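**Student:** using only what follows, build the 3D model:
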Amino acid sequence: MSEGRRRLNFNSEDDVIADVQRLRRGYARSGAWSLPQMCAHLEAATRYRMQPGPFPPNTPEQNTRRAMFAQIMASGQLPDGSVAAPTMMPPEDGGYEKIDAFIAAITEFKSFPGPIAPHRIFGHLSDSDARRLNLIHCAHHLSYLTPTTS
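**Tutor:** Model (predicted):
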């Protein structure tokens, strides 16, 4: 984990929302993206998980990444250096409306009945694994921001 990052572990979407609301009041940044940029990225990823099927079967590449997925689930952390898909890259200048849009998306995801779309790297996941991976993904990005107010 990079220096200056928080160690985060979210147990629910409500934990993510509470952290984002705290960061909204002020934060110090140790990464490249601002809170609105992170929220734009996390909203896109969360909405991707709620896209309708039908879904194709896993690719051979997705199947070979099962060991990496198991390690992420065991550690609760994404490896540093992963690159977002071009469609998931945030805009250069995200406004605070991006924060509200992410909160709306994760609130919707909380009660989303599924099925959850396959992950672009790991393919089809169980509902519980997909939801936990989403929380790990949120923690990964938000760990680069430290609240400056309580």
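
**Student:** tell me the helix or strand right after the helix or strand where residue 15 lies.
**Tutor:** Under the criterion DSSP states H and E, the helix or strand holding residue 15 is helix 13-24. With elements assigned by DSSP H and E, the helix or strand that comes after helix 13-24 is strand 27-29.

**Student:** shaky segments in the protein?
**Tutor:** Along the chain, the model assigns pLDDT under 70 to residues 1-3, 94.

**Student:** now do the helices in it.
**Tutor:** 13-24, 35-49, 60-64, 66-75, 97-110, 127-142 (DSSP state H).

**Student:** buried residues, the fifth one. List them.
**Tutor:** Buried residues in helix 97-110, defined by neighbour count with 16 or more other Cβ atoms under 10 Å: 98-99, 101-103, 105-106, 109. Heads up, the C-betas are built off the backbone N, CA and C, glycines and all.

**Student:** next: the third one.
**Tutor:** Along helix 60-64, the positions that meet the burial threshold by neighbour count (16+ other Cβ under 10 Å) are residue 62.

**Student:** nothing else from me, thank you.
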